[in-house]
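Visitor: Give the three-dimensional model of this entry:
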Amino acid sequence: MSTKTTSPPAIRFLSVDFDCADPAELARFYGNALGLPVLYSSDDFVLLGRQGSPGLGFVRQADYQPPTWPEATQGKQAHIELGVDDLDAAQARMLALGAVEPSFQPQPAAWRVLLDPAGHPFCLSTHGV
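Guide: All right, here's what the predicted structure looks like:
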């Protein structure tokens with residue numbers, strides 16, 4: 001009988017990936033917004049982040065359809081929460097980088113929902129900052 005014990009495989013969180021039509025364009029938006037460099041780039045995938053830390057990935061989908069949030073016609077595939085100190089200043093910066101403000105804002109005094117250039121909703125929040 002063997003007394004050899006096995007350890008579980010090492011698994012680490014690498015990235016959250018967003019489907020999109022143009023990975024380079026969406027990576028530029030988030031790279032500029034978050035100050036993250038490109039770790040890997042190909043025609044169909046771009047990974048932003050810092051060595052040893054989780055990042056954001058952007059994956060080309062030929063038939064990509066943006067979310068229709070808040071309508072449920074085409075559901076959101078994912079969204080991220082970005083912590084900010086000043087909602088108004090952060091919103092202005094993201095809009096200048098190419099984000100779009102949807103007409104519906106569930107709680108604008110607490111957080112702001114914006115859409116990235118590929119149509120993914122994301123939130124600016126002072127909670128947890």
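Visitor: drop to CA atoms for contacts and neighbour counts, all remaining ones
Guide: Fine.
Visitor: and the helix or strand of the chain with the lowest mean pLDDT, how far from the chain's centre?
Guide: Of the helices and strands making up the chain, the lowest-confidence element is strand 81-83, at a mean of 80, by mean pLDDT, DSSP states H and E. Between the centre of strand 81-83 and the centre of its host chain there is 10 Å, according to C-alpha atoms, centre = their mean, to the nearest Å.
Visitor: ok, now which ones touch residue 66?
Guide: Taking C-alpha atoms under 8 Å, 6 or more residues apart in numbering, we find residue 66 in contact with 20, 74, 76, 118-120.
Visitor: what residue ranges in the chain score low on pLDDT?
Guide: 1-3, 9-11, 13, 77-78, 127-129 (pLDDT under 70).
Visitor: Identify the residue nearest the geometric centre of it.
Guide: Central residue of the chain (C-alpha atoms, centre = their mean): residue 80, 5.0 Å from the mean position.
Visitor: isn't that residue right next to residue 120, touching?
Guide: No. No contact is recorded between residue 80 and residue 120 when judged using C-alpha atoms under 8 Å, the distance being 9.1 Å.
Visitor: Beta-bridge partners for the spatially closest residue to the residue nearest to the centre of the chain that is not a sequence neighbour, please?
Guide: Here the nearest residue to residue 80 in space, its sequence neighbours aside, is residue 122; by C-alpha to C-alpha, 6 or more residues apart in numbering that works out to 5.1 Å. Under the criterion DSSP bridges, residue 122 forms beta bridges with residue 114.
Visitor: how close does residue 122 sit to residue 47?
Guide: 18 Å (C-alpha to C-alpha, to the nearest Å).
Visitor: higher neighbour count, those two?
Guide: A side-by-side neighbour count of residue 122 and residue 47, using other C-alpha atoms under 10 Å, places residue 47 first with 26 against 17.
Visitor: For the more buried one, what are phi and psi?
Guide: As for residue 47, its main-chain torsions (degrees, to the nearest 10) stand at phi -120, psi 120.
Visitor: pretty sure it is in contact with residue 60, am I right?
Guide: No. Checked against C-alpha under 8 Å, the pair residue 47 and residue 60 is beyond contact range at 12.0 Å.
Visitor: ok, back up a step: output the contacts of residue 66 as TSV; include the columns secondary structure and neighbour count.
Guide: Written out in TSV, the entries for the contacts of residue 66 read as follows (DSSP: H, G, I helix; E, B strand; the rest coil; neighbours: other C-alpha atoms under 10 Å):
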residue	secondary structure	neighbour count
20	strand	24
74	coil	12
76	coil	17
118	coil	22
119	coil	18
120	coil	23
